[in-house]
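Engineer: got a sequence here, can you build the structure:
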Amino acid sequence: MIKHALFVRLEAKPGKENEVAEILRMALGMAHQESTTPVWFALQLGPSTFGVFDAFSDEDGRRAHLGGPITKALGGNALKLLAKPPSIEHIEVLGAKLPS
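Structural biologist: The predicted structure is shown next:
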């Protein structure tokens, strides 16, 4: 059962929007490799605003994801691509409908 989630908001620097979008597209492959991350979405919320929503069955999965390759890939490029540090919200899931 999905109990925990993260929502990360990313604001691209002017002219860096395509690079942020491409990193998020490439991160999908990394998300598929994370057995403790059953739900993962990369989102574009506006012209320069992006987000990642991911969900986990337990706190250990959420913690593992935060220390994993996607976080490292985004963090390694944050200074050159992002207008401000990512906003990371820890969310508790009250209910979910997922494909079976």
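Engineer: every contact and neighbour count from this point should use C-alpha atoms.
Structural biologist: Fine.
Engineer: and V52, how far is that from S100?
Structural biologist: Distance, V52 to S100, using C-alpha to C-alpha, to the nearest Å: 22 Å.
Engineer: which one of these two has more residues nearby?
Structural biologist: Shown here are V52 and S100; by other C-alpha atoms under 10 Å, V52 has more neighbours (16 against 3).
Engineer: wait, that one touches L45, no?
Structural biologist: No: in this structure, V52 is not within contact of L45 by C-alpha atoms under 8 Å, at 10.1 Å.
Engineer: my guess is A42 is in a helix, correct?
Structural biologist: No: in this structure, A42 is strand, not part of a helix, as judged by DSSP: H, G, I helix; E, B strand; the rest coil.
Engineer: okay, buried residues for the longest helix anywhere in the chain please.
Structural biologist: For the chain, the helix that runs over the most residues, judged by DSSP state H, is helix 17-33. Buried residues in helix 17-33, counted by 16 or more other C-alpha atoms under 10 Å: E17, V20, A21, L24, A27, A31.
Engineer: what about the strands in this structure?
Structural biologist: 4-11, 39-44, 49-56, 87-92 (DSSP state E).
Engineer: for the record, mean pLDDT for the longest helix of the chain?
Structural biologist: Mean per-residue pLDDT for helix 17-33: 95.
Engineer: since that was my last question, I'll sign off now.
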